[in-house]
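Trainee: What follows is a predicted structure for the sequence shown.
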Amino acid sequence: MPSAADIIRDSVNEFSRLQNWMISAKANNDIETYNSMHDRYIELKVTLSSLGVNLTDIDKIKE
C-alpha cells in the first residue's frame, strides 16, 4: 500500500503535468480538450488539499 508521501508525490507530479497540458490546450484554443481535463484538475486539487498540500505556489491555473 502506498504511503501518504508516495500519494502526495504522484499527485503533485500529475497535477503539474496536467496544468502544463491545460495551458497548452488553452493557448491553442482547444477549449474542448481544456474542459475535459478540468474535471481531473479539480479532483487533484481536492486530493492535494485534503492531504495538506499548499497549492499556492504550484497552482498555475488558479481557478
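Mentor: All right, it came through fine.
Trainee: Quickly note the distance from the nearest residue to I7 once chain neighbours are set aside to S11.
Mentor: The shortest distance from I7 to any residue other than its chain neighbours is 6.9 Å, reached at L51 (CB to CB, 6 or more residues apart in numbering). For the C-beta atoms, the positions are set from N, CA and C on the backbone; glycine is no exception. Applying CB to CB, to the nearest Å, the value for L51 to S11 is 7 Å.
Trainee: who has more neighbours, these two?
Mentor: More crowded of L51 and S11, by other CB atoms under 10 Å: S11, with 17 against 13.
Trainee: got a list of what T47 touches?
Mentor: 7, 11 (CB atoms under 8 Å, 6 or more residues apart in numbering).
Trainee: Roughly how far does it sit from E32?
Mentor: Taking CB to CB, one finds T47 at 25 Å from E32.
Trainee: Mind jotting down where the helices sit in the protein?
Mentor: Secondary structure of the chain (DSSP state H): helices located at 4-27, 31-50.
Trainee: any idea of the angle the first one forms with helix 31-50?
Mentor: Using axes from the mean of the first three to the mean of the last three CA atoms, to 10 degrees, the direction of helix 4-27 lies 150 degrees away from that of helix 31-50.
Trainee: Torsion angles phi and psi at the residue nearest to I7?
Mentor: phi -90, psi 0 (degrees, to the nearest 10).
Trainee: Nothing else from me, thank you.
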